[in-house]
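1. Dropping a prediction and its sequence here:
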There are 2 protein chains.
Amino acid sequence: MKASEPPKRVSLGELGERGLIRRIRRSAAAAGAPGVEVGIGDDAAVLAVPPGHALLATTDLLIEDVHFRRASAGPADIGWKALAVNLSDIAAMGGIPRWALVALAVPAETDVEAVDGFYSGMAEAGAPYEVAVVGGDTSASPGGWMVNVTLLGIHPGTPRLRSHARTGDAVAITGRLGASAAGLHALEIGLDRTRAAGVAPDELDEAMRAHLRPRARVAEGRWLGQAPGVHAMMDCSDGLATDLGHICRESGVGARVGLDRVPVAAAAWEVGRALGREPLDWAVGGGEDYELLLTCETDAVERLTAGLLDATGTPLTVIGRIEGAAGQTVFVDAAGAAVPVRNGFEHFRG
Amino acid sequence: MKASEPPKRVSLGELGERGLIRRIRRSAAAAGAPGVEVGIGDDAAVLAVPPGHALLATTDLLIEDVHFRRASAGPADIGWKALAVNLSDIAAMGGIPRWALVALAVPAETDVEAVDGFYSGMAEAGAPYEVAVVGGDTSASPGGWMVNVTLLGIHPGTPRLRSHARTGDAVAITGRLGASAAGLHALEIGLDRTRAAGVAPDELDEAMRAHLRPRARVAEGRWLGQAPGVHAMMDCSDGLATDLGHICRESGVGARVGLDRVPVAAAAWEVGRALGREPLDWAVGGGEDYELLLTCETDAVERLTAGLLDATGTPLTVIGRIEGAAGQTVFVDAAGAAVPVRNGFEHFRG
């Protein structure tokens, strides 16, 4: 640390907005990323989209006590997740994440250390992809923390859309589901109570990490986005039932999913076992797993499954088929009987 | 109104997030704008930056009781201003505004009508420039309203930066200053009290409009951004003293401004006269006028002033010169004596 840096435990009220912006700019400048002609410090960032590439743009809002609680999520967790949820949107298009604009509002009495933690968590989440923070805004907040990240990406070809599913396609998902909702449940009822129920520590850690520090499937999205035979793709952030519903509505198709084929995370099984909860509920309705949900030609399944595992180490599991009445998603048990499933979270509704 | 549309006085709690998104999407789709390959409704927007153009990106956060008060700013005012402040940033680069991503958090009990008002105010502000809303996020808010707009623009040439000022340049500003701060002052002390003080109604309206519905200098920015002889440019949002300080710091130069040359808005004079306040304080330290502050070659002044007035109807006034010690902005009175001036608002500081 240089002598000129402010000491720890300085509040934003003492540092002021301009001091904070200088601090953010110093740390962002260190990143250095492709295509940044002018970064933080002017009225707008100036960026170069490579010739022949489409521009991708997505934005996500994270609000204290709606999207996270400060009691369980540290500043670095919040920074990580604010970028990760946007990385996941770019991944779902098969795109390359590039530039982030970050708006942060915190109470004036917040320690500078906490704000530094937020930006370092975000830098950590973006480092593997050379994502640069090229702009932003800061404000005092009369309430809790509020974060908005806009992430820009590029795509050299044709992005995979939600509307590209075709009747007869296989429905598949990367990785495993339910760990994030299991982690949220453990945090909400309290870690002491969760531990007392006898949850294995490794699985509890995994569930909490899945919820607090989700990993976007960027490499998987790039690979799948270029692979022949993949049709529709989206990220599974609102829960499998809700998100597959989006694909069906946008594509004008229906879907049938075998509940016994849904890959449930080991952490969800373990937390569910100890706490007497059904892990499949978390896997189907929980959301925030940030896996990629896709539809593809059935004769491409074997090639895609082997290829994705080989390229990224991530499994791909076929869970159902595009069929039936447009806009309808039917979940069935092993015997083929329809099972009603819980939908994911929706803002504004209780 | 079609029979299928929800009736008025529906709260967001009844409509739900997905109902709201469908509503926003319907109204955004109507806009239709260049370069939008995929708008609202997928994981990310897909946009086409024209060949040979740089991409510009800026973001601004507006928070209830920090940036606006619901008692004085209606939903349409908030929507208008949230876009206008970003339009001003793109204007300051000499760019063309294109695509907006809008994040909005409001209490669940908010009427749908209010949210419609917000988006229609935003559409009104963006309509002259064919700005399309291509993405966003919505959330319930545990506190008041929070808005974040990211605006993307394009630039066919070389953007004007804050760092381009050169010693010997003239310092000039578009339009007139102080009306926005006068309007804010009138709103803060209460319109009844302001009217009782005998402020002329037309000037009061003008001051309030300047504060609630500022007009970004987009056409002026385009014209000045292409005009030979213009060096540094930025938008005057934090107040003349603060913003000229930014240009000086970024360019490694100093500046000297004649207070008697600063163009003060008629509305600021009138509100100041009636309320016994100094309008020059508002013009120099008030901020939020969203005029363009620039430096240019002295022998280009006459051509720029006549040309800008002719092209846009907006006056350009020379207020000083780039000179003196780097990083220092000196304000002088008509006799040439230095006068201390109040800086603009800074977040986190009292």
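-> Happy to help now that I have it.
2. Where does pLDDT dip in the stretch 1-150 of chain A?
-> The stretch 1-150 of chain A contains residues with pLDDT under 70 at A:1-8, A:27-32.
3. Using the three-state scheme, assign residue A:153.
-> State at residue A:153, reduced to three classes by DSSP: H, G, I helix; E, B strand; the rest coil: strand.
4. Could you check how far the closest residue to residue A:112 other than its chain neighbours is from residue B:314?
-> Using C-beta to C-beta, 6 or more residues apart in numbering or on different chains and skipping the chain neighbours, the partner closest in space to residue A:112 is residue A:10 (4.6 Å). (Each C-beta comes from the backbone N, C-alpha and C, glycine too.) According to C-beta to C-beta, to the nearest Å, residue A:10 and residue B:314 sit 43 Å apart.
5. Please apply the same query to residue A:126.
-> Residue A:126 is 41 Å from residue B:314, where distance means C-beta to C-beta.
6. quick one: which of these two has more around it?
-> Neighbours were counted for residue A:126 and for residue B:314 using other C-beta atoms under 10 Å in any protein chain shown; residue A:126 has more, 25 against 17.
7. Confirm the more buried one sits in a helix?
-> Yes: per three-state DSSP, residue A:126 lies within a helix segment.
8. which residues touch the closest residue to it other than its chain neighbours?
-> Closest residue to residue A:126 apart from its sequence neighbours, by C-beta to C-beta, 6+ apart: residue A:83 at 5.3 Å. Counting by C-beta atoms under 8 Å, 6 or more residues apart in numbering or on different chains, residue A:83 touches A:100, A:122, A:125-126, A:131, A:149, A:151.
9. Could you pick out the buried ones from these?
-> Buried subset of these (neighbour count, 16 or more other C-beta atoms under 10 Å in any protein chain shown): A:100, A:122, A:125-126, A:131, A:149, A:151.
10. ok, so of these, who is nearest chain B?
-> Closest approach to chain B among those (C-beta to the nearest C-beta): residue A:151, at 8.1 Å.
11. Need the pLDDT of the closest one.
-> On pLDDT, residue A:151 comes in at 98.
12. Kindly report the same for the one 10 residues further on.
-> We have a pLDDT of 94 for residue A:161.
13. got it, and residue A:226?
-> For residue A:226, pLDDT reads 95.
14. surely it meets residue A:93?
-> No: using C-beta atoms under 8 Å, residue A:226 is not in contact with residue A:93; the gap is 11.8 Å.
15. Those two: who's more crowded?
-> For residue A:226 versus residue A:93, the count of surrounding residues by other C-beta under 10 Å is larger for residue A:93: 28 against 13.
16. quick one: the more buried one from residue A:220, how far?
-> From residue A:93 to residue A:220 the distance is 12 Å (C-beta to C-beta).
17. can you count the residues close to the residue nearest to residue A:112?
-> Residues near residue A:10, counting by other C-beta under 10 Å: 15.
18. Pipe the buried ones among the contacts of residue A:83 into CSV and attach distance to residue A:68 per row.
-> Formatted as CSV, the buried ones among the contacts of residue A:83 follow (distance: C-beta to C-beta, whole Å):
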residue, distance to residue A:68
A:100, 18
A:122, 14
A:125, 14
A:126, 18
A:131, 21
A:149, 13
A:151, 18
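19. Please identify which of those residues is nearest to residue B:107.
-> Comparing the buried ones among the contacts of residue A:83 against residue B:107 with C-beta to C-beta picks out residue A:149 as the nearest, at 22.6 Å.
20. tell me the SS of that closest one?
-> Classification of residue A:149 by three-state DSSP places it in strand.
21. Please name the residues that touch it.
-> Contacts of residue A:149 by C-beta under 8 Å, 6+ apart are A:59-60, A:62, A:82-83, A:85-86, A:100-103, A:122.
22. Those residues in helices, which ones?
-> Among the contacts of residue A:149, the members falling in helices are A:82-83, A:85-86, A:122 (criterion: DSSP state H).
23. Tell me which two in these are the farthest apart.
-> Maximum distance among those (C-beta to C-beta): 11.4 Å, for A:85 and A:122.
24. Which positions within the helix or strand hosting residue A:22 qualify as buried?
-> Element membership of residue A:22 [criterion: DSSP states H and E] is helix A:12-31. Residues of helix A:12-31 classed as buried: A:12, A:15, A:17-21, A:23-24, A:28, A:31 (neighbour count, 16+ other C-beta under 10 Å).
25. got it, and stretch A:242-251?
-> Across stretch A:242-251, burial judged by 16+ other C-beta under 10 Å covers A:242-251.
26. Go back to these and keep what's next to chain B.
-> The subset of the buried residues of stretch A:242-251 within reach of chain B, by C-beta under 8 Å from any C-beta of the partner chain, is residue A:250.
27. could I get the buried residues of stretch A:242-251 as a markdown table with pLDDT and secondary structure?
-> Listed next are those as a markdown table, based on pLDDT from 0 to 100; DSSP: H, G, I helix; E, B strand; the rest coil:
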| residue | pLDDT | secondary structure |
| --- | --- | --- |
| A:242 | 93 | helix |
| A:243 | 95 | helix |
| A:244 | 96 | helix |
| A:245 | 95 | helix |
| A:246 | 94 | helix |
| A:247 | 96 | helix |
| A:248 | 97 | helix |
| A:249 | 95 | helix |
| A:250 | 94 | helix |
| A:251 | 96 | helix |
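28. tell me which of the buried residues of stretch A:242-251 is nearest to chain B?
-> Nearest to chain B among the buried residues of stretch A:242-251 is residue A:250, at 6.7 Å by C-beta to the nearest C-beta.
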